[in-house]
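Undergrad: Predicted model and sequence follow; I will ask about them next.
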Amino acid sequence: MSLFVDQSRDALRAAWRTAWQRATQGQPLEPLQAQMAALIDAHPEYHPQLAAGASETEGDFYLHLGLHMALREQLGTDRPVGIRALHQRLTRRGTAHEAEHRLMEVLGEMLWQAQRTGHPPDERSYWEALQRL
């Protein structure tokens with residue numbers, strides 16, 4: 001199951017809802033679904049919306065969860081180079097989840113700027129902004 005490639009917004013949101021539904025029902029999960037369910041589990045404030053089947057018109061939380069997934073991919077590949085060490089350093093000041101949120105603020109800003117300008121994200125500028133944390 002691919003999360004981001006060639007999926008509509010509705011399909012992505014359905015994937016999050018399905019992963020959570022399967023997890024709460026104790027059904028087997030594919031590896032990506034397990035990652036998704038773990039993120040949802042870490043955000044109990046989103047459980048009521050997901051249990052209610054929040055639609056495409058509700059739920060900035062889908063963006064938040066998607067940023068977590070994107071950041072975790074960056075951490076897994078250490079791209080930009082050094083992000084994993086930065087996350088570890090930030091984790092020493094709090095929790096890993098709090099560190100992710102700090103990094104995600106920068107990621108979200110970078111993506112917003114890219115969308116606003118119509119240019120691809122600039123990895124160098126992104127890394128420079130991350131280093132200011």
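TA: Happy to help now that I have it. Numbering: from 1, shown residues only.

Undergrad: residues touching residue 131, list them.
TA: Residue 131 is in contact with 82, 86, counting by CB atoms under 8 Å, 6 or more residues apart in numbering. Where C-beta positions appear, they are placed from N, C-alpha and C, glycine not excepted.

Undergrad: any idea how far it is from residue 15?
TA: 33 Å (CB to CB, to the nearest Å).

Undergrad: And residue 95, by the same measure?
TA: Taken as CB to CB, the span from residue 95 to residue 15 is 26 Å.

Undergrad: of those two, who's got more company?
TA: Counted by other CB atoms under 10 Å, residue 95 and residue 15 do not tie: residue 15 has more neighbours, with 19 against 11.

Undergrad: Look up the pLDDT of the more buried one for me, please.
TA: Looking at residue 15, its pLDDT is 90.

Undergrad: helices or strands next to the helix or strand where it lies in the packing?
TA: Using DSSP states H and E, residue 15 falls within helix 9-24. Judged by 3 or more CB pairs under 8 Å, 6 or more residues apart in numbering; DSSP states H and E, helix 9-24 is in contact with helix 31-41, helix 47-51, helix 61-77.

Undergrad: Could you count how many residues lie near the closest residue to residue 80 other than its chain neighbours?
TA: Closest residue to residue 80 apart from its sequence neighbours, by CB to CB, 6 or more residues apart in numbering: residue 127 at 4.2 Å. Neighbour count of residue 127, defined by other CB under 10 Å: 17.

Undergrad: Residue 127 contacts residue 85, doesn't it?
TA: No. Applying CB atoms under 8 Å as the test, residue 127 and residue 85 come out as separate, 11.9 Å apart.

Undergrad: Cool, thanks, talk later.
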